[in-house]
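got a predicted model here, sequence first, then my questions.
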Amino acid sequence: MTDHTDYFEHRHTVGFEETNLVGNVYYVNYLRWQGRCREMFLKFRAPAVLAEVQSDLKLFTLKVDCEFFAEITAFDELSIRMRLADIASTQLEFTFDYVKLEPSGGETLVARGRQRVACMRGPNGATVPVTVPEALLDALAPYRPRPVQLTGRGV
């Protein structure tokens with residue numbers, strides 16, 4: 001985990017158990033890594049929210065997707081970079097960039113994903129939507145999309 005100005009980063013080394021017989025990473029692992037990145041964000045940036053999750057707050061994943069640009073294999077080093085894409089009253093949407101970290105110091109974008117999450121409370125089977133907790137909004141503040149600033153003469 002490293003601090004950055006516009007994304008939360010979780011680093012991961014691909015293991016053999018995450019690959020298929022020809023050595024490529026199973027697609028489902030990209031989705032697992034999204035969840036892991038989100039969990040590590042809660043652990044390191046929003047421990048108060050993590051405590052609520054351990055109580056009765058539920059962060060339900062409503063939608064998830066991933067687009068692949070390049071293959072990765074065992075022992076590739078990845079940076080999974082989570083950004084906040086959208087905030088609604090009871091939901092959040094995140095984007096995830098999967099960046100292969102090259103031994104030479106270079107970087108290659110290998111995949112990009114999205115995840116929509118709803119905030120709910122209550123016992124299983126009787127949950128109701130709730131507004132995004134203030135502590136979570138505060139923790140996500142550095143990762144919010146920045147407004148585009150136009151310079152020069154208008155069109």
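Looks like it came in fine. Numbers count the residues shown, from 1 in each chain.

return the set of buried residues in the longest strand that the chain contains.
Using DSSP state E to define each element, the chain has its longest strand at strand 107-121. Within strand 107-121, the residues scored as buried using 16 or more other CB atoms under 10 Å are 110-120. For glycine as for every other residue, the C-beta is placed from the backbone atoms N, C-alpha and C.

could you count how many residues lie near His22?
Small correction: residue 22 is Val, not His. Number of residues near Val22 (other CB atoms under 10 Å) recorded here: 7.

also Tyr7?
Tyr7 has 21 neighbours, counted by other CB under 10 Å.

again, but for the one 3 residues further on
Here the neighbour count serves as a burial measure; for His10 (other CB under 10 Å) it reads 21.

run through the neighbouring helices and strands of the helix or strand containing it.
Per DSSP states H and E: His10 is located in strand 8-13. In terms of contacts (3 or more CB pairs under 8 Å, 6 or more residues apart in numbering; DSSP states H and E), strand 8-13 is packed against helix 27-45, strand 77-87.

ignoring the adjacent residues along the chain, who's closest to Tyr98?
Counting by CB to CB, 6 or more residues apart in numbering, Tyr98 lies nearest to Ala111, which is 4.0 Å off, once chain neighbours are set aside.

returning to what we had before: could you dump the helices and strands packed on strand 8-13 into a markdown table and include mean pLDDT?
Formatted as a markdown table, the helices and strands packed on strand 8-13 follow (pLDDT from 0 to 100):
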| stretch | mean pLDDT |
| --- | --- |
| helix 27-45 | 96 |
| strand 77-87 | 96 |
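
closest to Glu52 out of these?
Between Glu52 and the helices and strands packed on strand 8-13, the tightest spacing by CB to CB is seen for helix 27-45, at 9.6 Å.

who does that closest one touch, helix- and strand-wise?
strand 8-13, helix 47-55, strand 57-68, strand 77-87, strand 91-101, strand 107-121.

so which residues make contact with the fourth one?
Applying CB atoms under 8 Å, 6 or more residues apart in numbering, the contact partners of strand 77-87 are 4, 6-14, 33-34, 36-38, 41, 72, 92-101, 107, 110, 114, 132, 137, 140, 143-145.
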